[in-house]
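1. generate a structure from the sequence data that follows.
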Amino acid sequence: MSHTSSLLPAVVQDLGDANFKSDICAHAPEAAPPLDLDTPLTISTTQTQSQPYFSFQYLQECENIWFERYRKRTAEIESEWCARWDELNRKRIEDSADTRRLTIMALHEKTETIKLLSNYNIRGALEHIVYHANLLKKIDHCFARVVQNGLNKIAKTPEFVALLNQEVLERRLETKDVTPCIRMVYDACIMKADGNDYVITLRKADHTATHLAVLAAFLKLQSGWLGGLEWREA
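-> Numbers count the residues shown, from 1 in each chain. The predicted structure follows:
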């Protein structure tokens, strides 16, 4: 009897340990599943009897996954954007080259027409300048026949004003004497020009000093444009 009684506590102890271990195993969290970058991630922080809080390590791994997804998507978007930009830039360069080619062709045709009309001189140069400015959209469109109107518009541009001021200084003139010549410069050239020049020539003997300054400013301005005329002063 005493022998049986001495064994009873040990049996009870073993049963208690077994129940405790069983209870621990029932409530222990399962091993975290392998993490997959392409698998949607769902995290629940609600503690229940069957689902305890995730460990800090597991949450850290989840955060790393989201960061990696963000990094990959950002890289994809950046790559797509760069490819699109390169395509647009390539097309812009091609369009620019086509525009330059067409502009030069149009200017060449205009020059040949002026020569056929025996107008390749200072007067024809002014007509060419207005046509050129219209073609490059330097000014609002004006009719080719109204050359002086086009010249007046060009004379209001900052580029022309700067060149004219430079001519006034170099030729030792007064701005107040030169500026009024702008609105009559084309008419002043009509009677002075006759026949084609080999090179457009601004002749000092044919014009006053003030008119020379205005004409030189117009000619220098168009020299900086694509397909500008060659000219000289003599």
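2. which SS class is residue 198?
-> Three-state call for residue 198 (DSSP: H, G, I helix; E, B strand; the rest coil): coil.
3. what number of residues lie near residue 109?
-> When neighbours are defined as other CB atoms under 10 Å, residue 109 has 10 of them. Every C-beta, even on glycine, is put in place using the N, C-alpha and C of the backbone.
4. before we move on, what about residue 185?
-> Neighbours of residue 185 using other CB under 10 Å come to 22.
5. same question, residue 153
-> Neighbours around residue 153, by other CB under 10 Å: 18.
6. tell me the helix or strand right after the helix ranked longest in the chain.
-> For the chain, the helix with the greatest residue count under DSSP state H is helix 56-116. Next helix or strand after helix 56-116 toward the C-terminus (DSSP states H and E): helix 122-135.
7. any idea of the mean pLDDT for that next one?
-> Average pLDDT, helix 122-135: 94.
8. who touches that helix?
-> Residues from elsewhere that reach helix 122-135 (CB atoms under 8 Å, 6 or more residues apart in numbering): 103, 106-107, 110-111, 114, 117, 119, 138-139, 141-142, 144, 147, 150-151, 153-154, 185-186, 189-190, 192-193, 197, 200-203, 206, 215, 218-219, 221-222, 225, 227-229, 231.
9. what sits against the residue nearest the centre of the chain?
-> Nearest to the geometric centre of the chain sits residue 89, at 8.4 Å (CA atoms, centre = their mean). Residues near residue 89 by CB under 8 Å, 6+ apart: none.
10. give me the distance from stretch 80-94 to the chain's centre.
-> Mean-position distance between stretch 80-94 and its chain equals 11 Å (CA atoms, centre = their mean, to the nearest Å).
11. next one: stretch 58-70
-> 37 Å.
12. flag every buried residue along that stretch.
-> Of the residues in stretch 58-70, residue 62 count as buried by neighbour count, 16 or more other CB atoms under 10 Å.
13. from the contact counts, what lies against the helix or strand encompassing residue 222?
-> Assigned by DSSP H and E, residue 222 belongs to helix 209-223. Secondary-structure packing of helix 209-223 (3 or more CB pairs under 8 Å, 6 or more residues apart in numbering; DSSP states H and E): helix 122-135, helix 147-154, helix 158-170, helix 175-178, helix 185-190, strand 200-202, strand 231-233.
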